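fold the following, please.
(one chain, ligands or ions: 1)
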Amino acid sequence: MINKVNIGGIDVAAYQSIDELISSSILTTQGIQPGVGIAINPEKIMAAKNDPYIMSILQNATLRYPDGIGVSYVMQKRLGSKVARIPGCELWERLMLRSVEQQIPVFLLGATQSTVLQTYEKLTSLGVDVVGYKDGYFTKEQEQSVIDEIIKSGAKVVSVALGSPRQELFIFECIKYAPDSFFMGVGGTYDVFTNNVKRAPLFFRTLNLEWLFRLLSQPSRLFRQGNLLKYIYYYLTKKI
Ligand code: UDP
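Numbering: from 1, shown residues only. Below is the predicted model:
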């Protein structure tokens, strides 16, 4: 039984580790658990508070996990026990590696043509059964043909890197045609995996300061991080 913690009207699942999440909720002994995985961070919780549409997207996901210290800290306080932080990029990479043994067919969607190609090459060299890939720069009119390509590939795991909320909107459309597959929105994960974008150095990560590193290297994120301050304020004043 996986514990869930409600933050601002969103239930987030508490796991001890990334591997526990994968074994209990994605690649179980009964095979792939179909559905939609969404990383939950303070930014999304604050966005959902102001936008019922984003709230419904988050609530419709079948798997919501804490993608950062902001969410896992609040969960830990409420549960009174350890809750693992599940960075989306680490979950994705681990899932890819764990898919090798059972040769689960994987489709990669999103990022630029060169990044998704590099991702495909790196994954196949690791033994992942990538049955298709496609960059994320297509129009609304082309969306249905992208969906058709995914269905035709027979993928059972589909990772979608289009940025939020576009990737989530795409996923909820696509899953109507592929109800037996697991979909995961992965943001900028392929960029990090192919070293086109640097992740925070270990020093920042172990101190749970990945957000500070991002802010320093990309000051334009200040606006987005304003939401983090709001989140902390809402937590302290019990508004979430
Ligand atoms: N991206 C895409 N198509 C678009 C816009 C973005 O494929 O029309 C890709 C972009 O190349 C990047 C990923 O979406 O690899 C995530 O972008 P971002 O870092 O802005 O999203 P976040 O992770 O912050 O949600």
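
list the contacts of the helix or strand bottoming out on mean pLDDT in the chain.
In the chain, no helix or strand scores lower on mean pLDDT, DSSP states H and E than helix 210-217, which sits at a mean of 81. Residues from elsewhere that reach helix 210-217 (CB atoms under 8 Å, 6 or more residues apart in numbering): 68-70, 87, 198-201, 204, 221-222, 225, 228. Bear in mind the C-beta positions are built from the backbone N, C-alpha and C, glycine included.

which is the next helix or strand following it?
Next in sequence after helix 210-217, counting helices and strands by DSSP states H and E, comes helix 222-236.

can you point out the buried residues in that following helix?
224-225, 227-228, 230-231, 234-235 (16 or more other CB atoms under 10 Å).

which of those sits closest to the ligand?
The closest of those to the ligand turns out to be R224 (CB to the nearest ligand atom; 8.3 Å).

got the contact list for the closest residue to the closest one other than its chain neighbours?
Distances taken as CB to CB, 6 or more residues apart in numbering put E43 closest to R224, at 5.9 Å, once the chain neighbours are dropped. Residues counted as contacts of E43 (CB under 8 Å, 6+ apart) are 224, 227-228, 231.

could you do T119 as well?
T119 neighbours (CB under 8 Å, 6+ apart): 108, 111, 133, 190, 193-194.

ditto for I22
With CB under 8 Å, 6+ apart, I22 has these contacts: 91, 94-95, 98.

in this protein, which spans are strands?
Secondary structure of the chain (DSSP state E): strands located at 4-7, 10-13, 27-28, 31-32, 35-40, 63-66, 106-110, 130-134, 157-161, 182-185.

may I see the buried residues of the second one?
Taking 16+ other CB under 10 Å as the basis for neighbour counts, the residues of strand 10-13 that come out buried are 10, 12-13.

out of those residues, who's near the ligand?
Among these, no residue lies close to the ligand (CB under 6 Å from any ligand atom).

could those go into a markdown table alongside pLDDT?
Formatted as a markdown table, the buried residues of strand 10-13 follow (pLDDT from 0 to 100):
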| residue | pLDDT |
| --- | --- |
| I10 | 97 |
| V12 | 98 |
| A13 | 98 |
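
what does this protein have sitting close to the ligand?
Going by CB under 6 Å from any ligand atom, the residues of the chain near the ligand are 110-112, 136-137, 161-164, 187-188, 190-191.

of the residues you listed, which pair is most distant in space?
Spatially, the most separated pair among the residues of the chain next to the ligand is T112 and S164, at 17.6 Å (CB to CB).

for these two, indicate the residue with more neighbours.
S164 (17 against 14; other CB atoms under 10 Å).

if anything else comes up later, I'll come back, but that's it for now.
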